[in-house]
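Enquirer: Quick one, what's the 3D model for this:
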Amino acid sequence: MVNQLLVTLVNSVLGTGKQTARGNVAYTCPHCNHHKPKLEVNFTENKEGNNPWHCWVCNKKGKSILQLLRKAGASQDKIAEAKTYVKDVTYVSAEKSVSILKLPAEYVRLDQSNNNSIIKRHAAAYLKKRGVSITDINKYNIGYCEGGLYNNMIIIPTYDADGRLNYFTARSFEKEAFVKYRNPQASRDIIPNEHFINWNLPIILCEGLFDAMAIKRNAIPLLGKNIQSNLMKKIVTSVVDKIYIALDRDAIKQALKFCEKLMAEGKEVYLVDLQDKDPSEMGFENFTKLIQQTVPLTYYNLMEQKLSI
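Expert: Numbers count the residues shown, from 1 in each chain. Predicted coordinates:
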């Protein structure tokens, strides 16, 4: 059965859709912006509890309405409303179900918290100091915790291609914090912020979520200095041809190793020299200038870099 409230919600984000002969609803694709409505959404849940969607022009597709709304830049209020209409589908493997990672029980979204506690003000001040805007807070669903294991910490979630939580970073906003970061007990072999990534465009690999927010476009945070196997596999098998690697200088060995592997796979690789600042310290404009000045890495340049270490 089609939920008309869900259809109305999607219409408010993508524009009024057109009924198709297959019983789906067609919209203008937010990815390729084709002049005809070629993105079809199935509003009748399948056996797995998904609502598949597919663009017949750019071939973008997914299983979840939440994923589509996030990719279309829907507000967090729209996302929250959609969650009341669609199921939170469990990951299922061939052998067993895998429990879904959840945000801390004490987590409160910063842009929806009605209280004006000193904790909230400290959290907001810390983010402002890091160059995080109100738009970023809304886009990345950033929150904070008062109490619990993640007390006095900023919480930055990341989501997979289907718009489901796959990890979160917790960063203390206290000046003299004994523990600055606290990670959840979950695998890092994921693709952070995948619901934001357009695999048809150049991608930028950086270290942290604050870096990705500062870069603002098609940036994948590694949550460290290593490219995990699932991310490497996705990059290698995707149509992405240009890859920018922007890691701190203390990770130059790892960066060169990744460059060599990706070049061997036929990718055009750019090694961004961050010097002594990371992207979150540089800011969007300065990092953009640096990207524009970076040239493709050749095997000769690669060997020079490796010998200079």
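Enquirer: ok, residue 39 touching residue 25?
Expert: No - in this structure, residue 39 is not within contact of residue 25 by C-beta atoms under 8 Å, at 9.3 Å. Any C-beta I mention is one placed from the backbone N, CA and C, and that applies to glycine too.
Enquirer: quick one: which of these two has more around it?
Expert: Using other C-beta atoms under 10 Å, the more surrounded residue of residue 39 and residue 25 is residue 39, with 27 against 22.
Enquirer: From residue 28, how far out is the more buried one?
Expert: Residue 39 sits 7 Å away from residue 28, going by C-beta to C-beta, to the nearest Å.
Enquirer: and for the two, which residues touch both?
Expert: Residues touching both residue 39 and residue 28 (C-beta atoms under 8 Å, 6 or more residues apart in numbering) are residue 14.
Enquirer: quick one: low-confidence parts of the stretch 51-200 of the chain?
Expert: Applying pLDDT under 70 to the stretch 51-200 of the chain picks out residues 87-99.
Enquirer: all strands of it, in order?
Expert: Along the stretch 51-200 of the chain, counting by DSSP state E, counting those that start in this stretch, strands occupy 53-55, 61-62, 91-92, 97-98, 107-109, 143-145, 153-159, 165-172, 181-182.
Enquirer: With distance to residue 295 and mean neighbour count as extra columns, can I get those in TSV?
Expert: TSV is the format used below for the strands of the stretch 51-200 of the chain (distance: least, C-beta to C-beta, whole Å; neighbours: other C-beta atoms under 10 Å):
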stretch	distance to residue 295	mean neighbour count
strand 53-55	34	20
strand 61-62	35	18
strand 91-92	41	12
strand 97-98	43	10
strand 107-109	41	19
strand 143-145	40	25
strand 153-159	31	24
strand 165-172	32	21
strand 181-182	34	14
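Enquirer: okay if I get these as TSV plus distance to residue 297?
Expert: TSV is the format used below for those (distance: least, C-beta to C-beta, whole Å):
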stretch	distance to residue 297
strand 53-55	33
strand 61-62	32
strand 91-92	36
strand 97-98	38
strand 107-109	40
strand 143-145	39
strand 153-159	28
strand 165-172	29
strand 181-182	31
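Enquirer: Can you tell me which of those strands is nearest to residue 232?
Expert: Nearest to residue 232, of all the strands of the stretch 51-200 of the chain, is strand 165-172, at 16.3 Å by C-beta to C-beta.
Enquirer: helix or strand right after the host helix or strand of residue 281?
Expert: Per DSSP states H and E: residue 281 is located in helix 279-282. Going down the chain from helix 279-282, the next helix or strand is helix 284-293, by DSSP H and E.
Enquirer: Show me the contact partners of that following helix.
Expert: 204, 214-216, 244, 246, 270, 272-274, 279, 282.
Enquirer: Tell me how many other residues crowd the residue nearest to residue 83 when sequence neighbours are not counted.
Expert: With C-beta to C-beta, 6 or more residues apart in numbering as the criterion, residue 83 has its nearest non-adjacent residue at 6.8 Å, and that residue is residue 66. Using other C-beta under 10 Å, residue 66 is surrounded by 25 other residues.
Enquirer: Kindly provide the distance from residue 66 to residue 18.
Expert: 22 Å.
Enquirer: swap in residue 244?
Expert: 39 Å.
Enquirer: now residue 148
Expert: 47 Å.
Enquirer: got it, and residue 245?
Expert: Distance, residue 245 to residue 18, using C-beta to C-beta: 43 Å.
Enquirer: No further queries at this time; thank you.
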